[in-house]
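A.B. asks: can you look at this prediction? I've put the sequence above it.
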Amino acid sequence: MKQKNKKLSFDDYYTEIYPDNWKEVKEALLAAENQMIRACFDAPAAQTSEKILDFPKFSAELASLPHKRDKKNLKNYYVMDPASFICASQLNISPGDKVLDMCAAPGGKTLILAESLAGGELWSNEISPTRRDRLKQVIIDYVPKDIRENVFIKGKDGLKYGINFPEEFDKILLDAPCSSERHVLKDPKELESWGPKRTKKLAGIQYGLLCSALLACKSGGEIVYSTCSLSPLENDGVIEKLLSKKGDQVEVILNDVEFFEKTKFGNISLPHQFGIGPIYFCKLKKI
């Protein structure tokens, strides 16, 4: 007799998704993260992808390095995942663009977007007050005052941007809340409470945020949708749903990206392959 309502474990769920290499993926998630140190708004403004894997692994020693400040009282470096840098760089901001970072905290991707502003403006949005305070501090610590005047910190519900600001933005980055399996694996309480319904619920929220972004984007504008999830439901699954319901409004821009492999609709960087990530992104153009 089959056991009813048996809870599918985290390992069982992801073994079904990655049947040939879940062991390697899991080991890479549990290992120390490879990070890059970026000199923001200074030479080099952004490291080239060829240099990314030359950066040292994140460690307690690296985390405790003192931040020096320049003559403008700005911190000299920001530590982040190279895959996140590559993802945010896909937005290709043009001079004068009005840009929305819909779920901006902790702020690393906002820094990359702000570096590309040229006469435009950036709305850096975070609905959580606690995370928004952290975002504010990152912008104060790293963004020069003359550029900071064009960066506007918002605390709005991302789901309402499409209704309240239709056709408002030239470029939108939606780094959506996601399963974040790396953090789940490293938190025993999170791992114990995890269930497949979590990723299904998140996929629904992500789809709503992406629909909002589509409404808020100008015709001809671009959206980069991203997560740090391994779940196809939260990645290609969200894009597939968007295309099935709103395919007449949007098209996928699929390119080869170094340190990423192509999926059906986007690109993903898996830590067991390149030592960075996981990060998934899909670039979209509003028709």
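C.D. replies: That came through, no problem. Numbers count the residues shown, from 1 in each chain.

A.B. asks: every contact and neighbour count from this point should use C-alpha atoms.
C.D. replies: Noted.

A.B. asks: can you point out the buried residues in stretch 23-43?
C.D. replies: Within stretch 23-43, the residues that count as buried by 16 or more other Cα atoms under 10 Å are 25-26, 28-29, 33-41.

A.B. asks: distance to Cys228 and pLDDT added to these, as JSON lines?
C.D. replies: Shown next, in JSON lines, are the buried residues of stretch 23-43 (distance: Cα to Cα, whole Å; pLDDT from 0 to 100):
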{"residue": "Val25", "distance to Cys228": "14", "pLDDT": "98"}
{"residue": "Lys26", "distance to Cys228": "14", "pLDDT": "98"}
{"residue": "Ala28", "distance to Cys228": "14", "pLDDT": "96"}
{"residue": "Leu29", "distance to Cys228": "11", "pLDDT": "97"}
{"residue": "Glu33", "distance to Cys228": "13", "pLDDT": "84"}
{"residue": "Asn34", "distance to Cys228": "15", "pLDDT": "81"}
{"residue": "Gln35", "distance to Cys228": "15", "pLDDT": "79"}
{"residue": "Met36", "distance to Cys228": "17", "pLDDT": "79"}
{"residue": "Ile37", "distance to Cys228": "19", "pLDDT": "75"}
{"residue": "Arg38", "distance to Cys228": "20", "pLDDT": "76"}
{"residue": "Ala39", "distance to Cys228": "23", "pLDDT": "74"}
{"residue": "Cys40", "distance to Cys228": "23", "pLDDT": "78"}
{"residue": "Phe41", "distance to Cys228": "25", "pLDDT": "78"}
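
A.B. asks: out of those, list just those in strands.
C.D. replies: With strands taken from DSSP state E, the overlap with the buried residues of stretch 23-43 comprises 36-38.

A.B. asks: reformat the residues you listed as CSV; add distance to Thr130.
C.D. replies: Below are those laid out as CSV (distance: Cα to Cα, whole Å):
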residue, distance to Thr130
Met36, 25
Ile37, 25
Arg38, 25
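
A.B. asks: and which of the residues you listed is nearest to Asp81?
C.D. replies: Met36 (6.1 Å; Cα to Cα).

A.B. asks: what ranges do the helices span in the stretch 151-287 of the chain?
C.D. replies: Ranges of helices within the stretch 151-287 of the chain are 161-164, 181-185, 188-193, 196-216, 236-246, 271-274, based on DSSP state H, counting those that start in this stretch.

A.B. asks: what residues sit buried inside the longest strand along the chain?
C.D. replies: The single longest strand within the chain, with elements called by DSSP E, is strand 217-227. Neighbour-count burial for strand 217-227, with 16+ other Cα under 10 Å as criterion, is recorded at 217-219, 221-227.

A.B. asks: repeat for stretch 120-130
C.D. replies: Buried-residue list, stretch 120-130, by 16+ other Cα under 10 Å: 120-127.
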